[in-house]
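Student: starting from these lines, generate the structure:
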Amino acid sequence: MEALHQLGEARIAKETLILMEHNATGDEYNIFRVIEFLEPDMSDYKEGPYELKSVREDVGGTDYSLRFLVSYKLLNYQSILDMVADSDFSALPSKGETSYLISPHEENNPLTEVLPTRHCTMYVNVFHGDERDIINRLYEKDGLLKKLSALSMECLGFDLSANDNMQILGDTYVIRYHPHIIDVDLTESTSPTGVVLQPKLRAQNGKKETFEIILIDKHKQTVIQNSSQTFSTDDNVIRIPLKTRPDMVQVMILDKDGDIIYCNSPQSFVRGFKTNIALNTMDVYLTDAQTGKSTVVHKTKASRSYIGETNSQSYDPLSESVTEDYDKLEAKLTLAFFPMANDESEQKQIRQKAITFIRRILNNAKDEFYIYDPNFSSKDFENFIYQISSIDVDVKILTSSELSNLETEKHLLEECLSKYNNITGEKKAEVRIFTNNLGRPHDRYIVSDDDVWFLGTSLNNIGDRATTIVKVPAPESQKIIKEIKEWFDKANPV
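Tutor: So this is what the prediction gives:
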């Protein structure tokens, strides 16, 4: 990193700053500060000192003002690090000697939410201020916190007063960028099998540089290639042959000193996709026999086509550790918990929410779905199967011979099947019954194409008792699908 270590010369830096100033004494308190040492190709690069923006907000009823400043200055990188380190800051990770390397593709790094958005790797030195002192002063006077919220949202695009951002109050971030590599495009090569890297470089000077390139299969957690490559800014297409087709690839590039200068987020390759165009075929009107209330279900038929490969492997993100909050998991149909109700009104709300969740699972199916529920009845057929939008999906229900009023239910289920198959115009739905000698399973499952959900209770009990619905991760889900299909094949038709 010879070029990167030539940090003693003055360079253009962009400083973004929010200050709190005491009107009487002129004392200034750093709320948030970013100093970027820019490269010439950056769009907001300025030749020479230049103030871009200055906003001052006087806070009525207090002795303070808030100021937002953006300016361009000629600064010395090492001098800035030394100056900040010698003041009342604690350097992170330690003494300002180590920078955080942040990829432009990172999604879960909290720093990416508050630092400038650049399409290149950045090195960040973090100097932590005394946020307790800042917070105490902000809470000391009414209106300061609210003004900070409005000012930071307007000028920075995020709320510095939000609870998640309170810990960065008083911080200073010093950022520099690699002088050669901006980003790397990664594509798959089929002939020969491997990958193609196209580094986006800064200066078109034809100078050859030697880098070490490491390819990691994140799905298998193994290094699949480690090679030394020499390339110039005039010839920056690198082809790396591999023995097998890559799956989930992460690229790391090291310079001749062994320092990491680039690292991307794991990338998968799209080798083909299927399109489904839904055509509105008919509207089916359903009337509740008890209440007389009518609902309409729009039935659709899909026109399907394939582009590229039709047998591409899909990567299951559930094989990675789940870090999302519960609302996101529920929205993605990964996990839902339906608690025990305290009264009849709450019970109706919970049951309706659970019914909606299950309908979403069923309506996600493109080819087929299975429901295994030993207590599945004609009422469940009305609540769920009639509500399916697509008439292309094969519906396969597996229930039990231990149903109460079995003969009556068999007759009602036959009626439901007849009506449904008349709507679709072909035999799309089928109900089969476990016989006693098959050893009826206790658990309940829904299979939607290649995905499986585990249900903690039968469909007719959701809302009556606390239960959880969980999406089963691969490869266990594939074992369950195989087993359920075997159960269905052995069971007797209604």
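Student: contacts, neighbours, all on C-alpha from now
Tutor: Noted.
Student: domain parsing for this protein?
Tutor: The chain breaks down by automatic domain parsing into domains covering 2-177, 181-263, 275-315+324-493.
Student: neighbours of the nearest residue to residue 217 once chain neighbours are set aside, how many?
Tutor: Using Cα to Cα, 6 or more residues apart in numbering and skipping the chain neighbours, the partner closest in space to residue 217 is residue 249 (4.8 Å). By other Cα atoms under 10 Å, 24 other residues sit near residue 249.
Student: from here on, count from 12
Tutor: Okay, residue one is now 12; in that scheme the one you just asked about reads as residue 260.
Student: bridged to residue 260, which residues?
Tutor: On the basis of DSSP bridges, residue 260 is bridged to residue 228, residue 278.
Student: any idea which residue of this protein is furthest from its center?
Tutor: Residue farthest from the centre of the chain, counting by Cα atoms, centre = their mean, is residue 418 at 48.6 Å.
Student: surely that one is in a helix?
Tutor: Yes. Per DSSP: H, G, I helix; E, B strand; the rest coil, residue 418 lies within a helix segment.
Student: so what pLDDT did it get?
Tutor: You'll see residue 418 listed with a pLDDT of 79.
Student: ok, it to residue 127 distance?
Tutor: Remark: distance between residue 418 and residue 127 (Cα to Cα, to the nearest Å) = 68 Å.
Student: for residue 505, see how far away the residue farthest from the centre of the chain is.
Tutor: Residue 418 is 10 Å from residue 505, by Cα to Cα.
Student: wait, residue 241 touches residue 247, no?
Tutor: No. Between residue 241 and residue 247 there is no contact under Cα atoms under 8 Å: 9.3 Å.
Student: between the two, who's got more neighbours?
Tutor: Between residue 241 and residue 247, residue 247 has the larger neighbour count (other Cα under 10 Å), namely 16 against 12.
Student: so who does that one touch?
Tutor: 209, 210, 211 (Cα atoms under 8 Å, 6 or more residues apart in numbering).
Student: ok, now with 6 Å
Tutor: Neighbouring residues of residue 247 by Cα atoms under 6 Å, 6 or more residues apart in numbering: 209, 210.
Student: so where do the helices sit in the stretch 362-505 of the chain?
Tutor: Under the criterion DSSP state H, counting those that start in this stretch, the stretch 362-505 of the chain contains helices at 389-391, 417-435, 487-501.
Student: low-confidence bits of the stretch 262-411 of the chain, can you list those?
Tutor: Counting by pLDDT under 70, the low-confidence segments of the stretch 262-411 of the chain come to 283-292, 313-336.
Student: where do the strands sit along it?
Tutor: Along the stretch 262-411 of the chain, counting by DSSP state E, counting those that start in this stretch, strands occupy 271-274, 283-298, 305-319, 346-349, 379-383, 405-411.
Student: strand partners of the fourth one, parallel vs antiparallel please.
Tutor: In its sheet, strand 346-349 lies beside strand 478-483 (antiparallel), with partners assigned from DSSP bridges.
Student: now do the strand it pairs with against helix 487-501, angle only.
Tutor: 100 degrees (axes from the mean of the first three to the mean of the last three Cα atoms, to 10 degrees).
Student: for strand 478-483, which positions count as buried?
Tutor: For strand 478-483, the neighbour count (16 or more other Cα atoms under 10 Å) marks 478, 480, 481, 482, 483 as buried.
Student: correct me, but the first one touches residue 349?
Tutor: Yes. Using Cα atoms under 6 Å, residue 478 is in contact with residue 349, at 5.4 Å.
Student: anything in contact with each of the two?
Tutor: With Cα under 6 Å, 6+ apart, residue 478 and residue 349 have no common neighbours.
Student: what residues are up against residue 309?
Tutor: Taking Cα under 6 Å, 6+ apart, one finds 294, 400 in contact with residue 309.
Student: mind redoing it with 7 Å?
Tutor: Residue 309 sits next to 291, 293, 294, 295, 400 when contact means Cα atoms under 7 Å, 6 or more residues apart in numbering.
Student: widest-spaced pair of these?
Tutor: 291 and 295 (11.4 Å; Cα to Cα).
Student: once you drop chain neighbours, what's closest to residue 269?
Tutor: Residue 269 sits nearest to residue 223 (Cα to Cα, 6+ apart), 8.0 Å away.
Student: quick one: secondary structure of that neighbour?
Tutor: strand.
Student: do I have it right that it meets residue 264?
Tutor: Yes. Look at residue 223 against residue 264 with Cα atoms under 7 Å: they come within range, at 5.7 Å.
Student: the more surrounded of those two?
Tutor: Legend: neighbour count by other Cα under 10 Å for residue 223 and residue 264, higher for residue 264 (23 against 18).
Student: okay, and the beta partners of that one?
Tutor: Going by DSSP bridges, residue 264 forms beta bridges with residue 224, residue 273.
Student: state the distance from it to residue 113.
Tutor: 13 Å.
Student: wait, what's in contact with residue 40?
Tutor: Residue 40 neighbours (Cα under 7 Å, 6+ apart): 30, 31, 32.
Student: go through the residues you listed and flag which are in helices.
Tutor: Among these, no residue falls in helices (DSSP state H).
Student: what is the nearest of these to residue 189?
Tutor: For the contacts of residue 40, the nearest to residue 189 is residue 30 (29.3 Å; Cα to Cα).
Student: bridging residues for the closest one?
Tutor: residue 41, residue 78.
Student: would you confirm that it contacts residue 44?
Tutor: No. Shown here, residue 30 and residue 44 do not form a contact pair, counting by Cα under 7 Å, at 8.5 Å.
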